[in-house]
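K.L.:
Build me a model:
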Amino acid sequence: MKQISNKNIGLLSSALLFSGAAWAQHSPTPAFDGKTGKTPADTKEAFPQRNPKAPAGAPNVVWILIDDIGYGAVSAFGGLIETPNFDRLAGQGLRYTNFHSTAFSAPTRAALLTGRNPHSVHFGFFSEWSYGTPGYDGYLPFEKATIAEILRENGYNTFAVGKYHLTHPADASQAGPFNRWPTGRGFDHYFGYIPNSGMDDSWHPTLYRDTQREPDRPQATIATELFATEALRYIADQKTAAPDKPFFLYFAPGATHYPHQASKEWIDKYKGKFDFGWDKYREIVLKNQIELGVVPAGTQLAPQNPGVKPWDELSADEKKVFARQMEVYAAFAAQTDHEVGRIVDFIEQIGQLDNTLIVLAIGDNGAEGSGRESGHFLPHDPNASREQITAEEVKQLDLLGSEYSFAHYPDGWAAATNTPFRFYKGYPDYEGGTHNPLILFYPKKIKEQGGIRHQYSYISDILPTTVELAGLKTPSVINGYPQEPVEGVSLAYSVAPENSSLPERHSVQYHEMTGAYAIYKDGWKASFPGGRYGYRQRGEPDGAKYHLYHVSEDFNETNDLADRYPEKVRELAELFEAEAWKYNVFPLKDRWVNANQFIFDGRKQLVLYLEGRSHAEVLGFQFVNSASYAITAEAEIPPTGAEGVLLSLGNASAGISFYVKNQKLTFVYNTAGKQVEVRSDRAVPHGKVTFRADVSSTGGESDIRKNKTVTLSINGEKAVTKELGAQLPIMNPLPWIVIQAGRDFGTPVSTAYKSPFTFTGKLEKVTIDTL
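P.N.:
Residues are numbered from 1 along each chain as shown. This next block holds a predicted model:
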């Protein structure tokens with residue numbers, strides 16, 4: 001073994017001490033530089049610098065990420081939803097017209113926070129559909145630090161508010177581990193949804209503060225308002241304690257992901273404003289976009305997406321319901337803009353705005369088209385016709401967007417708000433799935449107000465752009481982990497007015513989700529359909545032909561050149577394969593090929609103990625789509641009787657509820673808003689009672705719909721059995737949906753009661769067995 005000289009030992013020690021100043025989170029105790037004597041008079045004090053200081057003049061940093069919104073939605077990019085605060089940031093900053101996300105939420109967030117490609121950081125899809133290869137296992141590597149970890153090493157305080165969606169479901173319970181919760185990945189504080197959650201009821205969200213469940217609020221308040229208020233509190237408290245220390249705020253409110261919900265006063269602002277329909281919307285918005293300069297002159301409307309009816313062919317009732325759906329969505333987006341404005345205004349009030357870098361990414365993917373032809377907002381009778389459902393919805397329009405609805409607009413509005421592009425979220429091979437607006441605002445360094453940039457960029461570029469514009473450094477070691485290179489390309493080169501037309505530096509970028517993929521290089525894009533998220537639902541079959549677009553001249557992919565230039569298709573196909581091997585994209589797979597690893601994997605039983613509480617809850621136990629399962633609730637009914645929910649899972653869109661009402665034991669199965677009720681004829685007795693629901697399924701493994709049978713029992717005696725017929729599975733099931741014992745908090749699964757319908761007897765425990 002080679003000897004290390006004293007000189008080299010000294011150099012190594014100096015290097016470690018020097019680099020240790022950049023290890024604020026790792027923070028080993030440094031050598032004492034003073035002198036210790038027997039008395040204070042003989043002692044020389046020395047205090048080590050345990051935490052780094054930010055460079056002088058380092059800016060505050062605010063990242064804002066909007067959810068499930070298209071290129072043509074907001075006024076800052078020509079849309080018809082009024083967003084004056086987005087407009088302000090755009091008018092005093094820069095618009096980027098050629099910015100791209102991934103086609104889905106969690107992969108976009110992984111790429112954004114780490115500055116790497118999504119598969120490179122193990123998020124080729126959602127962690128709830130994890131797969132046992134490096135591109136898909138759903139665990140962000142510590143060797144690829146988040147922006148929060150980097151900025152904290154540069155002397156920042158760091159806060160995350162809203163939707164995180166990057167904690168693996170196996171780690172998302174109160175058993176932890178918590179090192180991949182936001183507070184384990186560089187954020188000093190977190191306030192938002194359960195950190196593996198992709199969406200929630202905006203009126204009654206399930207919220208966490210750091211790693212602890214936040215108490216429910218009795219007064220329904222829209223989540224974006226709660227998030228903005230919390231962000232203001234973080235900033236105010238931080239600037240009170242350390243006015244010269246910069247902060248980083250990651251504000252990702254989850255809006256405008258469905259359910260589309262907003263306050264009534266915001267919905268009322270848009271009454272009647274979309275009565276002209278989605279076809280006219282596209283025409284108006286494209287004209288606006290060309291006039292603004294965010295879409296090239298001469299761009300024509302792309303063909304309408306398959307499955308979208310012309311507005312003029314809809315019935316009068318359909319037009320009423322669908323127009324209100326868009327009014328609610330617009331209100332949701334406009335109210336989110338207002339809450340962003342509260343944050344910007346406060347930063348200005350405390351004199352910090354000129355030295356604050358704000359990055360506003362309007363979309364983590366394109367608009368969401370899964371509402372299909374009709375959208376939805378209320379549960380309904382599974383035997384009702386579409387006409388009957390629409391007629392009932394017309395009667396209930398005032399509920400749309402309220403806490404009593406779980407709204408999602410029809411895909412006609414998703415297509416319209418994606419103007420000028422085709423298709424939707426979930427389509428990595430079409431611009432409609434990945435092409436989003438981006439705004440950079442930084443008065444200290446961005447002097448061209450209202451400038452427009454057309455260079456190609458990708459979500460991973462935001463991290464290196466932030467680090468460069470803020471004058472910071474990315475440590476080579478963070479928390480003791482040697483860091484791998486950032487893969488994004490900084491946009492700082494394009495900021496100065498004289499550099500507005502410089503050639504793009506991010507010249508190659510792959511896209512892949514659920515087996516469909518595309519590759520961009522130097523203004524050309526080849527796409528290779530094959531994914532299952534969209535094509536089987538939208539009319540383009542598996543194995544559809546390759547497409548080739550010269551997107552630097554054909555902005556919205558209307559001129560397919562694949563047959564004219566087959567050699568270019570081959571060149572780009574080979575490039576995609578090289579990039580795919582480099583960044584962990586292989587194996588290509590559809591969304592249903594997964595391991596679904598959760599905290600309760602392998603367990604056949606879950607017991608929720610109430611221990612004197614009115615309710616208990618847990619996430620991640622996957623039982624509801626098992627072949628057979630049983631729910632057993634042990635309760636005590638007083639002589640005066642009792643009612644309420646014994647166990648619930650889900651919301652008005654889909655779920656189950658097991659409850660007592662009017663002295664009758666009842667079970668509701670709700671899928672896609674269609675409710676089937678099973679109710680006993682026997683009255684519930686007094687005293688100690690054991691309630692049981694047995695749910696069994698029959699059908700082949702490949703059958704999506706299963707025949708369901710439900711049997712209800714009271715104290716071991718069968719009360720009722722009912723065949724439900726063929727039913728769809730419930731919500732896949734999503735692992736962030738809360739299983740609740742003793743209540744149904746939020747938008748209720750059943751229309752037979754109002755939330756939370758807390759059980760009024762004494763509930764001892766509820767047991768779920770998969771059989």
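
K.L.:
wait, what's in contact with Y190?
P.N.:
F159, A160, V161, Y164, W181, P182, T183, Y208, R209, D210 (CB atoms under 8 Å, 6 or more residues apart in numbering). For every residue, glycine as well, the C-beta is placed using N, CA and C.

K.L.:
Kindly reformat those as TSV containing distance to P748, pLDDT and neighbour count.
P.N.:
Formatted as TSV, the contacts of Y190 follow (distance: CB to CB, whole Å; pLDDT from 0 to 100; neighbours: other CB atoms under 10 Å):
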residue	distance to P748	pLDDT	neighbour count
F159	33	98	25
A160	30	98	29
V161	27	98	26
Y164	26	97	27
W181	29	97	23
P182	30	98	28
T183	32	97	19
Y208	22	96	20
R209	25	97	14
D210	29	97	14
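
K.L.:
tell me how far the ends of stretch 724-739 are from each other?
P.N.:
Terminal residues of stretch 724-739 lie 22 Å apart, using CA to CA, to the nearest Å.

K.L.:
Rounded mean pLDDT for that stretch, please.
P.N.:
The average pLDDT within stretch 724-739 is 69.

K.L.:
ok, now stretch 660-668?
P.N.:
Mean predicted lDDT for stretch 660-668 stands at 96.

K.L.:
ok, back up a step: closest one to G351 out of the contacts of Y190, please.
P.N.:
When the contacts of Y190 are compared for distance to G351 (CB to CB), F159 wins out at 19.3 Å.

K.L.:
Let's verify the closest one: helix, strand, or coil?
P.N.:
strand (DSSP: H, G, I helix; E, B strand; the rest coil).

K.L.:
can you map out the helices along the chain?
P.N.:
6-20, 84-91, 105-114, 147-153, 223-241, 264-268, 278-292, 316-349, 386-395, 411-417, 431-434, 462-469, 535-538, 566-582 (DSSP state H).

K.L.:
Report the inter-axis angle for the longest one versus helix 223-241.
P.N.:
Translated: helix 316-349. 0 degrees (axes from the mean of the first three to the mean of the last three CA atoms, to 10 degrees).

K.L.:
again with the third one
P.N.:
Following the same axes, to 10 degrees, one obtains 20 degrees for the angle between helix 105-114 and helix 223-241.

K.L.:
Remind me what helix 105-114 packs against, helices and strands.
P.N.:
strand 60-66, helix 147-153, helix 462-469 (3 or more CB pairs under 8 Å, 6 or more residues apart in numbering; DSSP states H and E).

K.L.:
Of the ones you listed, which is nearest F247?
P.N.:
It's strand 60-66; of these, that one is closest to F247 (CB to CB) at 5.3 Å.

K.L.:
What strands flank the closest one, and is each parallel or antiparallel?
P.N.:
strand 247-252 (parallel), strand 356-362 (parallel) (DSSP bridges).

K.L.:
Now stretch 572-580: average pLDDT?
P.N.:
Mean predicted lDDT for stretch 572-580 stands at 96.

K.L.:
should've said stretch 226-242
P.N.:
98.

K.L.:
How about I519, nearest residue that isn't a chain neighbour?
P.N.:
F576 (4.0 Å; CB to CB, 6 or more residues apart in numbering).

K.L.:
Give me the distance between the one you found and V294.
P.N.:
28 Å (CB to CB, to the nearest Å).
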